[in-house]
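**Q** generate coordinates for the sequence data below:
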Amino acid sequence: MKIKYQDFKDLLPELQWDIDGLAEKLSLAGHETEVADKEHLNVTLTANRHDCQDIRYLIFDLAGVYGLKTVPELISFKLKEPIDVTIEQINHLLGLSITDSDLRKLEQLGFEVGKNTVTPPSFRDVATMADVGEEVARQIGYDQLIIQPLSKQVAPESSEYKHLLKIKQALASIGLVETATSSFTKDGVIEVNDPFSRDEPYLRSNLLTGLLKTLARNPYLKRAAFFEVGNVFTPAESTKLGIIIAGYKDADVWQGTISRALGQQVRFQDVDSAIASQLDVKQGRLSFLELSIDQLKPVAVEPPRSLELPLPMFRAISKFPPLVRDVTIENPDDQIFESLKALEGLLLVEAVDKYQERVTYRLIFQKMAGSYTELEIQAIDAQLKKFSD
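**A** All right, here's what the predicted structure looks like:
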């Protein structure tokens, strides 16, 4: 707002600052201020000071900060409810050592300071102990706040964190993908008094619902293996590991690999198809397990040999349709792997099935310029036939 310098002088009889000095004092009081011309100031109120409704409130605020007298009955106001606050709390918040006299400077701003209470004026947006601390900082000056450099001391190691990290690393090393889901759900044992959403007023009692929602948000994944480590409430709070496997013909393969990674035998259970349908899960063959993390002893597991190609940081995307081929190889070895990776135009390789010593891989080819011609397709098929013979 644009204010005349003369209006300040009329309402502050003791004002001794010129227009430049007044602009500086208003800025130090927390309001963005600039001199528009020799007679006017442009004042932009700080974001949390919209209670300065007009020039009278702004001048009352300025007078309170710098101990100036105003004209009688400049503004009239009532008091709000008292706020519980102590000097010790303010010192802890600001990192200072203020005294009772410093706190009583708030009386110049219309506050009433009592024993362990501060009552703000009705027109001020002050409701918490932190708000009171901010007012104290304005009164004594922001330049009195001490800037403490961050400590360079290394945080002590947490055995619980290291245990969780080992579990996650062990599962990620065998191909599972970690996910994190909401702790709130539509049903459970513990109801929240003030939930974020009325549709999910309970704390979760298991990890299954969240993992099913993750599958529902990824319907294009025909096969998936997700895990989550999180707290559940039954009603006691505990940390659990949940794993869900979707789309695989034989979950026993995952069951054995996961058992070795976690250092104990685990057993999956089938997921009720009705529950999955309610959450709009498109994948089939759903298996789930949930374990307490306390008894797990994760071990380092050598990841299975894979044909996955390293992805560059940036890669051009083709607009032409890919060529997809499945090839089944008996007892694949390193030499065969390297030969497959060397095929021209190969974009992606995925192991899709395994029976005894035979592994089926899905190979995706794609060209940057044009679709594959019939001759090119025949040449690729001829090369792949050598691997399956």
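
**Q** tabulate the CA atom coordinates of stretch 262-275 in PDB.
**A** Taking C-alpha atoms only, stretch 262-275 is exported to PDB below (Å, rounded to 0.1, in the frame of the first residue of the first chain):
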ATOM      1  CA  LEU A 262      16.000 -63.600   4.400                       C
ATOM      2  CA  GLY A 263      17.800 -66.500   6.100                       C
ATOM      3  CA  GLN A 264      14.700 -68.500   6.900                       C
ATOM      4  CA  GLN A 265      12.000 -70.500   5.200                       C
ATOM      5  CA  VAL A 266       9.100 -68.400   4.000                       C
ATOM      6  CA  ARG A 267       5.700 -69.500   2.600                       C
ATOM      7  CA  PHE A 268       3.400 -67.500   0.400                       C
ATOM      8  CA  GLN A 269      -0.400 -67.500   0.600                       C
ATOM      9  CA  ASP A 270      -2.800 -67.000  -2.300                       C
ATOM     10  CA  VAL A 271      -4.600 -63.600  -2.300                       C
ATOM     11  CA  ASP A 272      -8.400 -63.700  -2.400                       C
ATOM     12  CA  SER A 273      -9.400 -62.700  -6.000                       C
ATOM     13  CA  ALA A 274     -12.500 -60.900  -4.600                       C
ATOM     14  CA  ILE A 275     -10.200 -58.500  -2.600                       C
END
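
**Q** which residues sit against it?
**A** 167, 170-171, 208, 212, 243-245, 251, 254-255, 258-259, 286-289, 291, 295-299 (C-beta atoms under 8 Å, 6 or more residues apart in numbering). Bear in mind the C-beta positions are built from the backbone N, C-alpha and C, glycine included.

**Q** go on, stretch 332-346?
**A** The set of residues that contact stretch 332-346 without belonging to it, under C-beta under 8 Å, 6+ apart, is 305, 307, 309, 323, 329, 349, 359, 361, 363-367, 380, 383, 387.

**Q** so for it, what gets flagged as buried?
**A** Along stretch 332-346, the positions that meet the burial threshold by neighbour count (16 or more other C-beta atoms under 10 Å) are 332, 336-337, 340, 345-346.

**Q** could you dump these to a markdown table with distance to residue 202, pLDDT and secondary structure?
**A** Putting the buried residues of stretch 332-346 into a markdown table (distance: C-beta to C-beta, whole Å; pLDDT from 0 to 100; DSSP: H, G, I helix; E, B strand; the rest coil) gives the following:
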| residue | distance to residue 202 | pLDDT | secondary structure |
| --- | --- | --- | --- |
| 332 | 49 | 83 | coil |
| 336 | 53 | 80 | helix |
| 337 | 49 | 79 | helix |
| 340 | 50 | 83 | helix |
| 345 | 52 | 86 | coil |
| 346 | 49 | 87 | strand |
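
**Q** pick out the most distant pair among those residues.
**A** The span of these, defined through C-beta to C-beta, is set by 332 and 345 at 20.6 Å.

**Q** pLDDT averaged over the helix or strand where residue 275 lies - what is it?
**A** Per DSSP states H and E, residue 275 falls inside helix 273-278. The pLDDT scores in helix 273-278 average 90.

**Q** off-centre distance for that helix?
**A** Taking the mean C-alpha point of helix 273-278 and that of its whole chain, the gap between them comes to 29 Å (C-alpha atoms, centre = their mean, to the nearest Å).

**Q** wait, doesn't residue 204 sit right on residue 237?
**A** No: here residue 204 does not reach residue 237: they are 10.8 Å apart, not a contact under C-beta atoms under 8 Å.

**Q** which one's more surrounded, these two?
**A** More crowded of residue 204 and residue 237, by other C-beta atoms under 10 Å: residue 204, with 25 against 10.

**Q** tell me the contacts of that one?
**A** Residues near residue 204 by C-beta under 8 Å, 6+ apart: 182-185, 188, 210, 230, 232-233.

**Q** burial count for residue 217?
**A** If you count neighbours by other C-beta under 10 Å, residue 217 ends up with 13.

**Q** before we move on, what about residue 54?
**A** For residue 54, the tally of surrounding residues (other C-beta under 10 Å) stands at 10.

**Q** and what of residue 201?
**A** If you count neighbours by other C-beta under 10 Å, residue 201 ends up with 18.

**Q** and for residue 213, the neighbour number?
**A** 17.

**Q** quick check: which element contains it?
**A** When the helices and strands are read off by DSSP H and E, the one containing residue 213 is helix 208-216.

**Q** now stretch 111-120: how far from the chain's centre is it?
**A** That offset, for stretch 111-120, works out to 38 Å (C-alpha atoms, centre = their mean).

**Q** now it: mean pLDDT?
**A** For stretch 111-120, the per-residue pLDDT averages 92.

**Q** take that stretch, keep the C-alpha atoms, and write them as CSV.
**A** Extracted in CSV, the C-alpha atoms of stretch 111-120 (Å, rounded to 0.1, in the frame of the first residue of the first chain):
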residue,chain,number,x,y,z
PHE,A,111,-0.1,-8.0,24.5
GLU,A,112,-0.8,-8.8,28.1
VAL,A,113,2.1,-10.7,29.7
GLY,A,114,1.3,-12.8,32.8
LYS,A,115,3.0,-15.5,34.7
ASN,A,116,3.7,-18.3,32.2
THR,A,117,1.0,-16.8,29.8
VAL,A,118,0.9,-14.3,27.0
THR,A,119,-2.5,-12.9,25.8
PRO,A,120,-2.4,-11.3,22.3
